[in-house]
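1. here's a sequence, model it:
(one chain, ligands or ions: 1)
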Amino acid sequence: MRPYPGRPDCDRAMRVLWEYVDEALTSTTARAIGSHLETCERCNPHLTGARAFLRAVGACDRWSRAPASLRVRVFRMRSTREMDR
Ligand SMILES: [Zn+2]
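-> Numbering: from 1, shown residues only. Here you go, the predicted structure:
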């Protein structure tokens, strides 16, 4: 499901949100995505939530951090539910 139909920048930003917060994107992509995530009123709350999630998980136990693929699935489920409200 596309989070924001008709908003390709938002769709793209949401697809790579976790790669962005994990600093796994190339610097060029990270700059473009970061600029969108920091300024877009729809995407910025997701960025804030992702960072808070990582901080909370990191504070629990750095060694049991979930793999990126699991975080992506959890976050997408959460995002989809928020959009259904
Ligand atoms: Zn956006």
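
2. flag every residue of the chain that's near the ion.
-> Cys10, Cys40, Arg42, Cys43 (C-beta under 5 Å from the ion). (C-beta placed from N, C-alpha, C; glycine too.)

3. now the residues you listed: which count as buried?
-> Neighbour counting by 16 or more other C-beta atoms under 10 Å classes Cys10, Cys40, Cys43 among these as buried.

4. mind checking the SS state of Ala24?
-> Taken by DSSP: H, G, I helix; E, B strand; the rest coil, the conformation at Ala24 corresponds to coil.

5. was I right to think it contacts Ala68?
-> Yes - counting by C-beta atoms under 8 Å, Ala68 is a contact partner of Ala24 at 7.4 Å.

6. okay, Ala66: pLDDT?
-> Listed pLDDT for Ala66 reads 69.

7. centre of the chain to the helix or strand of the chain with the lowest mean pLDDT, how far?
-> Lowest on mean pLDDT, DSSP states H and E among the helices and strands of the chain sits helix 68-84, with a mean of 74. Helix 68-84 sits 9 Å away from the centroid of its parent chain (C-alpha atoms, centre = their mean, to the nearest Å).
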